[in-house]
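Asks: Requesting a structural model of the entry that follows:
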Amino acid sequence: MHPQLIRLFEELDQFDKPIAVKPLRRMVRGLRISRRDLGSYVRFGKSCYRRNLVHTGPAYQALVLCWRSGQRSPIHDHRGSACAVRVVEGIATETRFAVSPAGLLFPTDSSHATEGSVCASFDMDIHQMGNLQPAGRDLITLHIYSPALLAMGTYFLGNSVLGEDDRAVAMLIRQRVRNKALPQGNFAVPRVHSLPNKRRGCVPTRRASERLLPKRIDAHAR
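Replies: Numbering: from 1, shown residues only. Purely as a prediction, here's the structure:
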């Protein structure tokens, strides 16, 4: 294990009660480590980010989280734990959320943390972290939780539903795609791309019609 990590854990081991956010962030900020310094703790998951346990003490837990491009955490809180995060490699994107008076979750802001940056959260702070960099660019982060994070609450933005007029438009598009007829008049419906067919003239291709309808519905459903 890298000497700086050993010294950090020795300092953290002196605490027998939960460590506050400010001293936790200060200790993590003092680190100067790279991917190579983390050795075998750098392990990635195929379909989702991976949490690798590095060390535990009386009042804390240290993990290395590894993220491929496009991988991100669920929207979550830390349920009684403080957390300090150091970006070891790559750019981490954090989005923070709040609960509206109507009881619905909504994003309040997002920020990008570059290599060497430190961010922190506590208890019921709701956020999501991830690697939104282009394909082939990894993200590696060191997380110190105090006390150890044994459970966290996860949240969902929830699914909205199509309004009545939107449903009517979607049904009309389905019908016209099935009938292979382009819309007439001034009704605003996206065009279906077509390829020539010597026997039947121009008809919508199956692939084009499949692209049209889901995109239209998803735009209203999000």
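Asks: Now the residue most central in space within the chain: closest residue in space, sequence neighbours ignored.
Replies: By C-alpha atoms, centre = their mean, the chain has its centre lying nearest to Arg72, at 3.3 Å. Using C-beta to C-beta, 6 or more residues apart in numbering and skipping the chain neighbours, the partner closest in space to Arg72 is Gly130 (2.4 Å). Yep, even glycine has a C-beta here, placed from its N, CA and C like the rest.
Asks: beta partners of the one you found?
Replies: With DSSP bridges as the criterion, Gly130 is bridged to Arg72, Thr93.
Asks: how close does it get to Gly70?
Replies: 8 Å (C-beta to C-beta, to the nearest Å).
Asks: okay, now Ser121: neighbour count?
Replies: By the other C-beta atoms under 10 Å criterion, the neighbourhood of Ser121 contains 20 residues.
Asks: Can you tell me who the residue nearest to it when sequence neighbours are not counted pairs with across the strands?
Replies: Spatially, and ignoring its direct neighbours in sequence, Ser121 is nearest to Cys83 (5.3 Å; C-beta to C-beta, 6+ apart). According to DSSP bridges, the residues that bridge with Cys83 are Ser121, Tyr145.
Asks: Could you do Gln61 as well?
Replies: Thr56, Tyr145.
Asks: Report whether the expected contact of the residue nearest to Arg72 with His76 is present.
Replies: No. Judged on C-beta atoms under 8 Å, Gly130 makes no contact with His76 at a distance of 11.8 Å.
Asks: For the residue nearest to Arg72, which residues are in contact?
Replies: Tyr49, Trp67, Gly70, Gln71, Arg72, Ser73, Ala92, Thr93, Leu139 (C-beta atoms under 8 Å, 6 or more residues apart in numbering).
Asks: Could you measure from it over to Ala102?
Replies: For Gly130, the distance to Ala102 - C-beta to C-beta - is 26 Å.
Asks: Domains of the chain: list them as residue ranges, please.
Replies: Domains of the chain are assigned by automatic domain parsing as 3-155, 164-221.
Asks: okay, the residue nearest to Asp138 when sequence neighbours are not counted: pLDDT?
Replies: Take Asp138 and drop its neighbours on the chain: the residue closest to it by C-beta to C-beta, 6+ apart is Gly90, 5.6 Å away. As predicted, Gly90 sits at a pLDDT of 98.
Asks: For Gly90, grab the count of nearby residues.
Replies: 19.
Asks: OK, contacts around it?
Replies: Contacts of Gly90 by C-beta under 8 Å, 6+ apart are Trp67, Glu115, Asn131, Gln133, Arg137, Asp138, Leu139, Ile140.
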